[in-house]
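Colleague: When you get a sec, could you give me coordinates for this:
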Amino acid sequence: MKVCYFGAYNRKSMRVINNIKALRKAGVEVVECYDRSFPLPVRYHRLFWEHRRIDYDVMVVGWYGHSVLPLARSIAKGPVVLDAFIGLYETEVLDRRNYARNSLKVRLYYLLDKYHFKFADICLVDTNHHGDYFHQEFEVPREKLKTLYVSADEEYYFPRETHKSHERFCILFEGGYTPLHGIQHIIAAAKLLEGRKDIQFVLVGTGQTYNGIRRLAEGLRLRNVTFLPWMSYERLPGVIAKADVCLGIFDVGEKASRVIPSKAIDALAMKKPLITADSPAAREMLEDKVNCLLIPAGDPTALANAILSLKEDKTLANKIAGNGYELFKAQFSLEATGKKLKQILEETLNR
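Modeller: Numbers count the residues shown, from 1 in each chain. Got it, this is the predicted structure:
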């Protein structure tokens with residue numbers, strides 16, 4: 001099978017990188033037809049002529065695909081599969097709250113999300129609950145929505161031995177500082193544990209809420225929190241390897257309840273004990289005290305207690321880390337992702 005990976009997708013997105021790599025790992029030939037030129041007519045012109053030179057079986061429109069879907073639908077030589085992943089309206093309005101709910105841009109994002117599904121034969125989402133949301137909010141036929149969980153590249157994310165401090169128990173968060181991460185609850189948990197000199201929090205990354213989180217930590221005069229800058233996915237595993245516990249997300253918002261974040265998958269891939277918020281999406285794959293610890297969203301006390309339980313109970317920590325790693329290999333590795341995506345594409349081709 002030959003796939004045309006089409007559009008103006010973000011080539012630095014791990015969703016895009018991993019999906020393409022996973023397909024190739026599964027024996028699928030992938031040819032990219034890519035352009036991010038401005039203005040839009042120039043992009044369309046270049047994609048149109050590049051596309052004419054490619055023969056393939058299925059077209060996959062990479063995330064975000066909103067701007068190119070009308071063109072993709074009109075020129076496709078086979079079925080069109082959209083990696084919807086997460087929506088503009090949900091991300092920019094419901095989660096990041098970048099715009100007033102009655103603004104013109106909010107209406108535009110809503111309409112873009114609503115109608116871009118119509119141009120595809122099949123749409124990929126990252127959890128079953130995200131599929132339910134798109135079905136209910138935008139009236140997308142449920143059978144059109146197929147779940148493809150986020151993944152981690154085992155070439156970089158794998159269990160490894162590294163030198164760790166025996167004096168400090170390291171709690172790691174890594175991410176883009178968006179509201180759904182609920183990092184303020186991590187800071188609050190650090191405040192509750194500030195008397196424990198043997199516990200240190202390390203926060204890696206930057207983003208929308210970063211400045212506010214720094215001010216919060218400084219206002220609380222926390223000495224048990226270290227901030228590190230954003231790191232490439234090639235460098236990040238070296239930092240994860242030194243952690244004793246990895247953290248997921250803790251926000252109480254709608255979007256947080258519909259995702260299994262990539263940082264959680266990174267932790268599983270590296271055989272690290274994971275603590276994350278209990279949610280409908282998390283329950284699709286994660287099980288409390290089996291392959292992670294699930295705690296109530298927005299509850300710093302529960303987070304602090306979970307950290308202490310893993311520090312004091314090495315048997316539990318090793319158990320959930322080991323089971324989490326087995327879950328990663330079965331469900332979230334590039335091998336598993338490639339098999340699943342190839343199956344979806346073959347089923348689409350044979351409809």
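Colleague: Who are the packing partners of the helix or strand where residue 83 lies?
Modeller: In this structure, residue 83 sits in strand 80-85 according to DSSP states H and E. Contacts defined by 3 or more CB pairs under 8 Å, 6 or more residues apart in numbering; DSSP states H and E place strand 80-85 against helix 14-25, strand 58-61, helix 69-75, strand 122-125, helix 334-349. Heads up, the C-betas are built off the backbone N, CA and C, glycines and all.
Colleague: Show me the one of these that comes nearest residue 324.
Modeller: helix 334-349 (14.3 Å; CB to CB).
Colleague: Tell me the buried residues in the closest one?
Modeller: 334, 336, 337, 338, 340, 341, 342, 344, 345, 348 (16 or more other CB atoms under 10 Å).
Colleague: Figure out how far the lowest-mean-pLDDT helix or strand in the chain is from the centre of its chain.
Modeller: Lowest by mean pLDDT, DSSP states H and E among the helices and strands of the chain is helix 88, with a mean of 78. In terms of CA atoms, centre = their mean, to the nearest Å, the centre of helix 88 is found 15 Å from the chain centre.
Colleague: And the next helix or strand past it?
Modeller: Assigned by DSSP H and E, the successor of helix 88 is helix 104-116.
Colleague: In PDB, could you pull the C-alpha coordinates for that following helix?
Modeller: Extracted in PDB, the C-alpha atoms of helix 104-116 (Å, rounded to 0.1, in the frame of the first residue of the first chain):
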ATOM      1  CA  LEU A 104     -16.000  36.300  15.300                       C
ATOM      2  CA  LYS A 105     -12.900  34.200  15.500                       C
ATOM      3  CA  VAL A 106     -14.600  31.700  17.800                       C
ATOM      4  CA  ARG A 107     -17.400  31.300  15.400                       C
ATOM      5  CA  LEU A 108     -14.900  30.800  12.500                       C
ATOM      6  CA  TYR A 109     -13.000  28.100  14.500                       C
ATOM      7  CA  TYR A 110     -16.300  26.300  15.300                       C
ATOM      8  CA  LEU A 111     -17.400  26.300  11.600                       C
ATOM      9  CA  LEU A 112     -13.900  25.200  10.400                       C
ATOM     10  CA  ASP A 113     -14.100  22.200  12.800                       C
ATOM     11  CA  LYS A 114     -17.700  21.400  11.900                       C
ATOM     12  CA  TYR A 115     -17.200  21.400   8.200                       C
ATOM     13  CA  HIS A 116     -13.700  20.000   7.800                       C
END
